[in-house]
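>>> sequence-free structure coming up:
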């Protein structure tokens, strides 16, 4: 049995299928759906006219692979349903939740001070994260600093895009940490995590990290898509720039709210995405496919 990581390794998957080996497709995203999201975000009006052909080709390629493998692993129930709709006659789809990173498990959350020292973590060469980081620095944080002039923002991640580097060069209130070796000090020094994603797929490791490490979270619906969380319970929801700024100011001066969010979110992350939950999901999926855990 072979686990193949995503449609971009489809050529490898087909070779194993041809050799009679059982193949599981680990679908981190529904790539044809993600392609549509990206195109529509770039060209809201023209994309349906200009990109429909490549959407169809992407969906056909993904559908063929779903029909060829023995099983599919999706990281959320939402993605699983999209995959089943794409190929109703395809391989069985099982939900294997994205795991909390191992390094977070043993780290104890620390008390969060008043004030705003916000953090955004992600691959900063990936378009959805680039757009979110630019939005934070150029649109949301100027609003935050009108209310709290001492507010600071840290953007951290791999391979920062050149546009992002240039945009942040002159802003003393925003720090860019490129290719951090250790994320723990960044999370420990922050007072909140802000995740204003407007596109993307799967579930966000950055969200699970923040929840597990006891960092209060303000996020868009897209940022927590695929996670069974509720606004006001595990996180504060914000969509517009003004809503993000207002939520940050509110969270900064509400220790009771911070403590409530952190306690519920950490419990959720460990119970739903901790090692035991992921191990049980993998064992169940392998049992249905005919393998051994």
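Sure thing, it's come through. In this text, all values refer to a predicted model and were calculated from it rather than measured experimentally. Numbers count the residues shown, from 1 in each chain.
>>> The closest residue to residue 6 other than its chain neighbours: neighbour count?
Sequence neighbours aside, residue 28 is the residue nearest to residue 6 in space, at 5.5 Å (criterion: CB to CB, 6 or more residues apart in numbering). C-beta here means a position set from N, CA and C on the backbone, and glycine is covered the same way. The number of residues packed near residue 28 is 19, by other CB atoms under 10 Å.
>>> Name whatever forms a beta bridge with the residue nearest to residue 235 when sequence neighbours are not counted.
In this structure, residue 235 finds its nearest non-sequential neighbour in residue 217, 4.1 Å apart by CB to CB, 6+ apart. Here residue 217 sits in beta bridges with residue 193, going by DSSP bridges.
>>> what's near enough to touch residue 217?
For residue 217, the contacting residues are 192, 193, 195, 207, 210, 211, 234, 235, 236, 261, 265, by CB atoms under 8 Å, 6 or more residues apart in numbering.
>>> And residue 280, how close does it get to residue 96?
10 Å (CB to CB, to the nearest Å).
>>> still on that earlier bit, you'd agree the residue nearest to residue 6 is up against residue 75?
Yes - contact criterion CB atoms under 8 Å: residue 28 and residue 75 qualify, at 6.4 Å.
>>> more neighbours, residue 280 and residue 96?
Taking other CB under 10 Å, residue 280 and residue 96 do not tie; residue 96 has more neighbours (22 against 12).
>>> shouldn't the more buried one be in contact with residue 76?
No - in this structure, residue 96 is not within contact of residue 76 by CB under 8 Å, at 9.6 Å.
>>> so what's the closest residue in space to residue 180 that isn't next to it in sequence up against?
Nearest residue to residue 180 in three dimensions, chain neighbours excluded: residue 156, at 5.1 Å (CB to CB, 6+ apart). By CB under 8 Å, 6+ apart, residue 156 lies in contact with 119, 120, 121, 176, 177, 178, 180, 183, 186.
>>> so of those residues, which ones are in strands?
Those of the contacts of residue 156 mapping onto strands are 119, 120, 121, 176, 177, 178, per DSSP state E.
>>> Spatially nearest residue to the residue nearest the centre of the chain (excluding sequence neighbours)?
In the chain, the centroid-proximal residue (CA atoms, centre = their mean) is residue 204; its distance is 1.8 Å. What sits nearest to residue 204 in space, not counting adjacent residues and going by CB to CB, 6+ apart, is residue 223, at 5.9 Å.
>>> Ok, residue 186 next?
Among residues not flanking residue 186 along the chain, residue 156 sits closest, at 5.4 Å (CB to CB, 6+ apart).
>>> And for residue 119?
Counting by CB to CB, 6+ apart, residue 190 is the residue found nearest to residue 119 once chain neighbours are left out, at 3.8 Å.
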